[in-house]
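Asks: fold the following for me, if possible:
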Amino acid sequence: SEPAEKEVAHTIFIAGGFGNQNGEESQEIKKLLSQKLRDADSSSMLLYVGDNISEEVGAWQKDKFLIDEQIQLTEGFKGEVVFLPGNNEWKSRHIDSIQRVEEYLDEVETQEDYVQPKNGCPMEYRVISDSLDILLIDSKWFISNWSRVKGINKKCTDIVTRMRFAEELEGYINDAQGKNLIITMHHPVFTNGENAGHKSFKSHMLPLPLVGTLLNGIYDLGAFSPENPLSRRYNYLRVLVTSLAKASNRVTVISGHEESLQYLSGGDIHQIVSGAMGRSKTTKQTTDEINTVGGSLSYKGHFTHGKKGFAQLDYFTDGSSQVTFITADDAPKTFNVLPALESGTGDASYQKVVAETVVDSVYGPEENLEHTKFFKYLWGERYRNYYHTAVTAPVVYLDTLYGGLEFMKKGGGHQSYSIRLQDQDQR
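Replies: Numbering: from 1, shown residues only. This is a model prediction of the structure:
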């Protein structure tokens with residue numbers, strides 16, 4: 001666990017699957033969450049990470065009761081509450097019905113915008129502090145078969161294709177360079193839960209021994225359910241998020257979906273799963289991987305627990321973080337997640353250029369990169385002459401340009417490198 005003298009800057013409570021209650025006793029874990037929320041300060045946030053209403057279609061009275069119960073748990077909580085959509089919120093396959101929860105919560109006067117993202121749209125980005133950003137994603141939007149969802153994207157003004165989603169996701173991850181970034185989405189990218197094929201012993205015995213095992217194997221290999229991480233659109237989302245998130249080593253993904261508590265990591269990406277407020281299912285701590293054409297990403301489970309509970313993610317003032325899993329039956333389990341942020345205060349010194357201008361080219365003299373005739377036959381001249389052409393450029397110093405500029409973060413994309421600067425007026 002972290003040293004006691006570390007000061008907590010932000011606390012994120014993670015509770016999912018509240019709507020999946022099956023009659024099992026849940027009062028004790030609800031009381032624990034409610035007490036934690038009352039003790040938390042205003043820099044805290046509660047994330048209900050999907051499946052916040054029931055699975056039953058047309059059960060609006062039951063759904064309202066579940067929403068009211070979740071709001072009642074937050075009485076005395078000074079922080080912000082967010083309801084992230086999950087599978088159950090999309091059960092009607094109609095955007096107007098999906099927005100029904102949003103409209104109902106809009107009537108609660110204690111806070112604006114409980115549901116995020118809004119309007120059945122896929123993404124919303126929030127700056128929490130100078131060291132922490134959060135990206136809220138409606139992952140069911142991405143993995144759904146849009147031809148079966150009436151009114152899909154009708155209220156989304158910008159991101160209306162999966163390609164546009166990928167572009168925005170990459171941009172937001174780049175914007176968070178040098179900071180901690182939380183990506184919150186109902187469906188996890190890493191999992192050791194039942195949806196990933198880690199079934200209970202009982203499921204292997206029914207309807208008969210060996211037959212149950214065979215059926216489980218067919219289900220997993222065939223990926224017939226869209227909730228299976230190997231299904232086409234779900235796996236595409238996992239590949240997309242993990243490949244882009246590898247541009248940073250400060251990304252933590254928060255999810256529900258699996259009705260268990262898990263902490264996993266792979267490729268400098270950290271995954272917290274907390275979807276067990278309503279019911280719990282089996283889980284198996286193991287290693288696994290995400291596969292796609294041209295490569296794979298291995299990940300490892302550090303903690304998996306098939307009990308009802310929730311998670312508490314703490315960020316400290318030095319940028320480090322830790323997660324604690326809380327159940328009614330066991331002592332809390334705490335794990336370090338991220339180390340402290342680098343200070344970024346280097347002692348590098350550079351030679352001062354006294355001339356007002358310098359003359360240079362991208363590649364230098366052409367003879368240094370002269371290619372064979374066969375190479376030019378295959379690829380042509382392209383823009384080689386431009387890259388060898390010397391240009392004259394003025395010399396400026398950042399500490400005097402526009403009254404002094406301050407470095408903010410690295411920029412650029414796939415084909416360019418840049419830095420982002422701001423002046424004394426924060427522009």
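Asks: so Tyr299 is in which element?
Replies: Element membership of Tyr299, judged by DSSP states H and E, is strand 295-305.
Asks: my read: Tyr315 touches Lys6, true?
Replies: No: in terms of C-beta atoms under 8 Å, Tyr315 does not count as a neighbour of Lys6; the distance is 10.2 Å. C-beta here means a position set from N, CA and C on the backbone, and glycine is covered the same way.
Asks: of these two, who's got more company?
Replies: For Tyr315 versus Lys6, the count of surrounding residues by other C-beta atoms under 10 Å is larger for Tyr315: 24 against 15.
Asks: check for me that that one belongs to a strand.
Replies: Yes: assessed by DSSP: H, G, I helix; E, B strand; the rest coil, Tyr315 belongs to a strand.
Asks: so Gly19: helix, strand or coil?
Replies: Three-state call for Gly19 (three-state DSSP): helix.
Asks: related to what we said a few turns ago, so which elements touch the strand holding Tyr299?
Replies: Counting contacts by 3 or more C-beta pairs under 8 Å, 6 or more residues apart in numbering; DSSP states H and E, strand 295-305 packs against strand 261-266, strand 287-292, strand 321-327, strand 333-338.
Asks: could you check the angle the last one makes with strand 261-266?
Replies: Strand 333-338 runs at 30 degrees relative to strand 261-266, counting by axes from the mean of the first three to the mean of the last three C-alpha atoms, to 10 degrees.
Asks: helices and strands of this protein: which one has the lowest mean pLDDT?
Replies: Of all helical and strand segments in the chain, the minimum by mean pLDDT, DSSP states H and E falls on helix 201-205, at a mean of 49.
Asks: re earlier: what residues sit buried inside the strand holding Tyr299?
Replies: 297, 299, 301-305 (16 or more other C-beta atoms under 10 Å).
Asks: between which two of the residues you listed is the distance greatest?
Replies: Based on C-beta to C-beta, the longest span within the buried residues of strand 295-305 runs between Leu297 and His305 and measures 23.8 Å.
Asks: so for this structure, the centremost residue is which one?
Replies: Ile183 (1.9 Å; C-alpha atoms, centre = their mean).
Asks: and it, helix, strand or coil?
Replies: Following three-state DSSP, we place Ile183 in the strand state.
Asks: and Leu237, which of the three is it?
Replies: Strictly by three-state DSSP, Leu237 counts as helix.
Asks: hang on, isn't it packed against Phe142?
Replies: Yes: applying C-beta under 8 Å as the test, Leu237 and Phe142 come out as touching, 5.0 Å apart.
Asks: list the contacts for Gly403?
Replies: Listed by C-beta atoms under 8 Å, 6 or more residues apart in numbering, the contact set of Gly403 reads 423-424.
Asks: poorly predicted segments of this protein, please.
Replies: Across the chain, the ranges flagged by pLDDT under 70 are 1-4, 24-25, 197-224, 344-348, 364-371, 381, 384, 410-417.
Asks: same thing but 80
Replies: Counting by pLDDT under 80, the chain has low-confidence residues at 1-5, 22-26, 109-112, 196-226, 294, 343-352, 362-388, 408-418, 426-427.
Asks: burial measure for Arg100, as a count.
Replies: Neighbour tally, Arg100, other C-beta under 10 Å: 16.
Asks: who touches stretch 119-128?
Replies: For stretch 119-128, contacts defined as C-beta under 8 Å, 6+ apart pick out 10, 45, 85, 95, 98-99, 102, 116-118, 133-138, 141-142, 151-153, 155-156, 159, 165, 168-169, 172, 175.
Asks: change it to 7 Å
Replies: Residues outside stretch 119-128 that contact it (C-beta atoms under 7 Å, 6 or more residues apart in numbering) are 10, 95, 98-99, 116-117, 133-138, 141-142, 155-156, 159, 165, 168, 172.
Asks: from those, which land in strands?
Replies: 10, 133-137 (DSSP state E).
Asks: show me where the stretch 51-200 of the chain has strands.
Replies: Here the stretch 51-200 of the chain has its strands, by DSSP state E, counting those that start in this stretch, at 80-83, 123-129, 132-137, 180-185.
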